[in-house]
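S.K.: Sharing a model prediction with you, sequence too.
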Amino acid sequence: MRFAGESAALGTALFWSVGSNFFAAAGRRMGSRVLNRLRITTAAVFLSLALLATHGAVWPMWATRPQVGLLALSGLIGFVFGDTWYFRSLIILGPGRAALIASLAPLFTVFIAWPVLHELPGPLAALGMALTLGGVAWVVSARATARTGHAEGSVAMGVFAGVLGAVGQAGGYVLSKMAIRSGIDPLSATVIRVTSAMAAIWILATAERAVPETLGALRDRRATAFMAGGAFCGPFMGVTLSLVALRYVQAGIASSITAIYPIFTMLIASRVHGERVTRRALAGALVAVAGVVVLFLR
């Protein structure tokens, strides 16, 4: 299918934008670490049920040991390390500035994929990536407002956490690409990634004696609903589509198209929350869309 990878990456961006709004609302009520534990667990349930419905099993027994090893490591780096730091940045800085820092992930992906996967984008692909990331940065920076930090840390800590989150996402993406190259299907790959991350997160929670606090957060029904909605859109639909994208296009290109998600987030917020979209934001969105078009037609 033509443009299958690019379309999947665009779908990833759309689902992640919806999920980000859900997670931001849930995280303010239950905290970033509790949110990460609960949403990864909820996503694992969604994914296992989907695998049962499509493949007749809740765990991909057909996966080879090397595939399981790569995907488990990808889950630890992407979800346990990367997303833990990203959610901290999201809660401290807010969705706008956190998304701006998260848009560094495609650059880190390219730097890692070059020596590891031997994927070097051509001139036209590099132009499309530059336009997309530049447009996203222009849009999100136009929305940045002064904040004095949050109970989870200062603004500087929010920036630092965002950078670490972007590095984790890039590392997990490249490892996933290595596994996808070996032939495993995207849904099975996502089940392994998410389930491995879930196991590690709960082991850490047990060691930190944080299990009662985490389970207690479920009493907040509104926060739980936001968390479940985000888990469906992000780790379930979004991450599965991101692995579909990796099957068909280079990791750096897929990551760059996905990086348009902050713009979708803005558009959703303008409709749902009545946030004003400035002319600068519209101009930046057009630049980013032009970059995506170049990546589709390269």
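M.R.: Sure thing, it's come through. Worth saying up front: this structure is predicted, and the values here are computed from it rather than measured. Numbers count the residues shown, from 1 in each chain.
S.K.: residues in contact with G162?
M.R.: Taking C-beta atoms under 8 Å, 6 or more residues apart in numbering, we find G162 in contact with W85, Y86, S89, L93, R97, A98, I101, A102, L104. Bear in mind the C-beta positions are built from the backbone N, C-alpha and C, glycine included.
S.K.: Hmm, A156 and the fourth one touching each other?
M.R.: Spelled out, that is L93. No. Contact status for L93 versus A156: not in contact, 10.4 Å apart, counting by C-beta atoms under 8 Å.
S.K.: Give me the residue ranges of the stretch 101-250 of the chain where confidence is low.
M.R.: 136, 139-152 (pLDDT under 70).
S.K.: mind listing the helices for the stretch 1-150 of the chain?
M.R.: Assigned by DSSP state H, counting those that start in this stretch, the stretch 1-150 of the chain shows helices spanning 4-30, 32-55, 65-75, 84-93, 95-102, 105-117, 123-143.
S.K.: Quick check: which of the ones you listed is nearest to M227?
M.R.: Closest to M227 of the helices of the stretch 1-150 of the chain, according to C-beta to C-beta: helix 4-30, at 4.2 Å.
S.K.: between that closest one and helix 84-93, how big is the angle?
M.R.: Interaxial angle, helix 4-30 versus helix 84-93 (axes from the mean of the first three to the mean of the last three C-alpha atoms, to 10 degrees): 60 degrees.
S.K.: What mean pLDDT does helix 4-30 get?
M.R.: The average pLDDT for helix 4-30 rounds to 88.
S.K.: Show me which of the contacts of G162 are buried.
M.R.: W85, Y86, S89, L93, R97, A98, I101, A102, L104 (16 or more other C-beta atoms under 10 Å).
S.K.: surely G78 meets A166?
M.R.: No. Contact between G78 and A166 fails when scored by C-beta under 8 Å: they sit 11.0 Å apart.
S.K.: More neighbours: which of the two?
M.R.: Taking neighbours as other C-beta atoms under 10 Å, G78 and A166 compare with G78 leading, 28 against 24.
S.K.: secondary structure element for the nearest residue to that one once chain neighbours are set aside?
M.R.: Sequence neighbours aside, G172 is the residue nearest to G78 in space, at 2.3 Å (criterion: C-beta to C-beta, 6 or more residues apart in numbering). Following DSSP states H and E, the helix or strand that holds G172 is helix 155-180.
S.K.: Just the buried positions in that helix, please.
M.R.: By neighbour count on 16+ other C-beta under 10 Å, the buried set for helix 155-180 is 157-180.
S.K.: now do stretch 253-267
M.R.: By neighbour count on 16+ other C-beta under 10 Å, the buried set for stretch 253-267 is 253-266.
S.K.: ok, back up a step: what's near enough to touch the residue nearest to G78?
M.R.: S74, G75, I77, G78, F79, G82, R193.
S.K.: orientation of the helix or strand hosting I268 relative to helix 4-30 in degrees?
M.R.: Element membership for I268 (DSSP H and E) is helix 261-272. Interaxial angle, helix 261-272 versus helix 4-30 (the same axes, to 10 degrees): 60 degrees.
S.K.: No more questions from me, cheers.
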